[in-house]
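Undergrad: Got a predicted model here, sequence first, then my questions.
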Amino acid sequence: MKNGTLNFKKDFQLWKACATDDIRPVMEHILLKDGYAYASDAHVLVRVPLEECTTFEEDQRALLDDCLIHKSILKYIVGFDIVLVNKTDDGAVYLEARTGENTVKVQLGKNGDALKYPDAEEILKDSKDRTPIQKIGFNPKFIASLTAALGTDLLKFEFASERSAVFVRPVSALSNAVGVIMPIVTTD
């Protein structure tokens, strides 16, 4: 057990990169898939390795594969002392959160059951041809979402062109997390 507890790390506020409207209910969730946590509001997209944003053991991280957790549940869960990942006899995955004498059990949804998360990996395909750009503007709210979700204030930005997604990575070489700011095409 790392750091003496099991839980999602408070530094990674993934719920801040999720949608805040009822139009895209799937984007109010964090997708846990293939060892990563994905969060998006259609303007920004974040992918953080579960081993960086949780203190769960490998077997518990594996149980989370292809699960969805609502942003409000994740925000609530990080306040607990310990969270365990379990599976019911019929295969449903749930979190058991404990703090003091209080215990809360939350069943996680499966991606594709009631909600289907967009193909984040298709968006995250990394372009090797990054070139300098003369002029670019950002909505500060997007930067705030990314710094909170990636768990750091120190980011580096990678640009390919004025009309392509901007890759945002933590400055720390130890992190494999990545964010994306989706391009907004405008006419000048």
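TA: That came in fine, so what should we check first? Everything quoted here is computed from the prediction, not taken from an experiment.
Undergrad: May I see the buried residues of the least confident helix or strand in the chain by mean pLDDT?
TA: In the chain, the helix or strand scored least confidently by mean pLDDT, DSSP states H and E is helix 120-123, which has a mean of 84. For helix 120-123, the neighbour count (16 or more other C-beta atoms under 10 Å) marks residue 120 as buried. The way it works is simple: take the backbone N, C-alpha and C, and place the C-beta from them, glycine included.
Undergrad: which is the next helix or strand following it?
TA: Later in the chain than helix 120-123, the nearest helix or strand by DSSP states H and E is helix 140-150.
Undergrad: coming back round to it: would you put the C-alpha positions of the least confident helix or strand of the chain in PDB?
TA: Output of helix 120-123 as PDB, limited to C-alpha atoms (Å, rounded to 0.1, in the frame of the first residue of the first chain):
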ATOM      1  CA  ALA A 120     -10.100   9.900 -26.400                       C
ATOM      2  CA  GLU A 121      -7.100   8.100 -27.700                       C
ATOM      3  CA  GLU A 122      -8.000   9.100 -31.300                       C
ATOM      4  CA  ILE A 123      -7.900  12.700 -30.200                       C
END
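Undergrad: List of residues touching that helix?
TA: Helix 120-123 has contacts (C-beta atoms under 8 Å, 6 or more residues apart in numbering) with 31, 38, 40, 45, 47, 165, 180, 182.
Undergrad: Give me the packing partners of the one helix or strand residue 76 maps to, helices and strands only.
TA: If you go by DSSP H and E, residue 76 is part of helix 71-77. If contacts are counted by 3 or more C-beta pairs under 8 Å, 6 or more residues apart in numbering; DSSP states H and E, helix 71-77 sits against strand 29-33, strand 102-107.
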